[in-house]
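Student: here is a sequence together with a model predicted from it:
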Amino acid sequence: MSDVPRTFDQPGVANADDGTDIGAVELGDITGPNVVFDSTPPATTSDNTATVVFSSPDGDLDYFECSIDGAAFSTCASPFTTPPLSEGAHSFEVRPVDTSGNSGPTQSVDFTVDTRVTGPDVTIPKKLTVKGRELKAKISAGAQEDVSALATGTLIFKPKGKGKTRKTRLGDVSKQIDGGGRKILRVKFEGGKNKRQKLTRKLKRTLKGGKTQVRLRAKVKFTDDGGNNAAEKRVSRLKLKR
């Protein structure tokens, strides 16, 4: 028996020589489109209705689906503005769907809603003592988040009977305060040595005379990383050191 090459048909594959070749099989569209973010909220925002802008570079896009904080996806459009969100961390997801019903890769963005300064607090002594040649008021301030604090002080001279109330503005002091911590902000009268001594003598005479009350009104303005502001005011009465 001579060695003659023989060919065998593979099961399920048409033989090109038997007249049954049906050509290549064309598969349907199984690849989803892509989506990109054009604009996203900042990492920390004071707007509780964040807006996200997105688009797809693919021509077969049919619609988008969105999800907030892990909720079920639903049809959406760009730009997308969230409903009012609570304070704290949030996430937004979007996925594209093409005309064949294929979903593309999901894209997500995380951000934090911060609409107020959390836990601002200010304390000053109930009574302040005038001593030496200067008046320095120690204001203790803090918050539950990182803030910048600007302290201002005003001396208020109020006669016990008839008379005009007078005010003297003290200098401003600002400091950065870590969340959960506190710092002392010392406000004092700005000006040269002679002016400071003159104010101190005036305070001592006024307090010794007993006809006029002198109070310190302290105000601290807090600003957090989201640009939110809060202000706290405190008032203390001054007295002479004995």
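Tutor: Yes, it's here. As the structure is a prediction and not an experimental result, all values here were calculated from the model.
Student: what score does P5 have for pLDDT?
Tutor: You'll see P5 listed with a pLDDT of 47.
Student: wait, A137 sits on V214?
Tutor: No. Using C-beta atoms under 8 Å as the test, A137 is too far from V214 to be in contact (11.9 Å). Backbone N, C-alpha and C define where each C-beta goes, glycine included.
Student: which SS class is N194?
Tutor: Assigned with DSSP: H, G, I helix; E, B strand; the rest coil, N194 falls in the helix class.
Student: what about it, distance to G88?
Tutor: Distance, N194 to G88, by C-beta to C-beta, to the nearest Å: 53 Å.
Student: excluding its backbone neighbours, what's nearest F54?
Tutor: Closest residue to F54 apart from its sequence neighbours, by C-beta to C-beta, 6 or more residues apart in numbering: S78 at 4.8 Å.
Student: helix, strand, or coil at that neighbour?
Tutor: Here S78 takes the coil state, with states given by three-state DSSP.
Student: what number of residues lie near it?
Tutor: Other residues within reach of S78, judged by other C-beta atoms under 10 Å, total 17.
Student: which residues of this protein score low on pLDDT?
Tutor: Where the chain drops to pLDDT under 70, the residues are 1-29, 129-135, 190-191, 240-242.
Student: list the contacts for D178?
Tutor: Neighbouring residues of D178 by C-beta atoms under 8 Å, 6 or more residues apart in numbering: D146.
Student: doesn't F222 make contact with A143?
Tutor: Yes. Counting by C-beta under 8 Å, A143 touches F222, with 5.7 Å between them.
Student: would you list the phi and psi of K198?
Tutor: The phi/psi pair for K198 (degrees, to the nearest 10) reads phi -60, psi -40.
Student: hmm, who's touching stretch 180-197?
Tutor: Outside stretch 180-197, the residues that touch it by C-beta under 8 Å, 6+ apart are 121, 133-142, 144, 149, 151-153, 168, 170-175, 177, 199, 218, 220.
Student: now the buried members of these.
Tutor: Using 16 or more other C-beta atoms under 10 Å as the burial test, those include 135, 137, 139-142, 149, 151-153, 170, 173, 177, 199, 218, 220 as buried.
Student: out of those residues, which are inside strands?
Tutor: Here DSSP state E is the test, and those give 137, 139-142, 149, 151-153, 173, 177, 218, 220 as lying in strands.
Student: just give me the closest of those residues to L238.
Tutor: A137 (9.1 Å; C-beta to C-beta).
Student: tell me the contacts of the closest one?
Tutor: By C-beta under 8 Å, 6+ apart, the residues touching A137 are I124, L128, G153, L170, R186, V187, K188, L216, A218, S236.
Student: over to P41?
Tutor: Listed by C-beta under 8 Å, 6+ apart, the contact partners of P41 are D47, A50, T51, V52, V109, F111.
Student: once you drop chain neighbours, what's closest to the second one?
Tutor: Excluding its sequence neighbours, the residue lying closest to A50 (C-beta to C-beta, 6+ apart) is P41, at 4.0 Å.
Student: what does the last one give?
Tutor: Leaving aside its chain neighbours, F111 sits nearest to P41 (4.4 Å; criterion: C-beta to C-beta, 6+ apart).
Student: the one you found belongs to a strand, doesn't it?
Tutor: No. Applying three-state DSSP, one finds P41 to be coil, outside a strand.
Student: all numbers from here: first residue = 20
Tutor: Done: numbering now begins at 20, and the last item shifts to P60.
Student: how about it, phi and psi?
Tutor: Phi and psi for P60, reported as degrees, to the nearest 10, are phi -70, psi 150.
Student: next one: phi and psi at G138?
Tutor: When quoted as degrees, to the nearest 10, the phi and psi of G138 stand at phi 60, psi 40.
Student: identify the residues contacting it.
Tutor: G161, A162, Q163, E164.
Student: quick one: it and F130, what's the gap?
Tutor: G138 is 21 Å from F130, by C-beta to C-beta.
Student: good, we can wrap up now.
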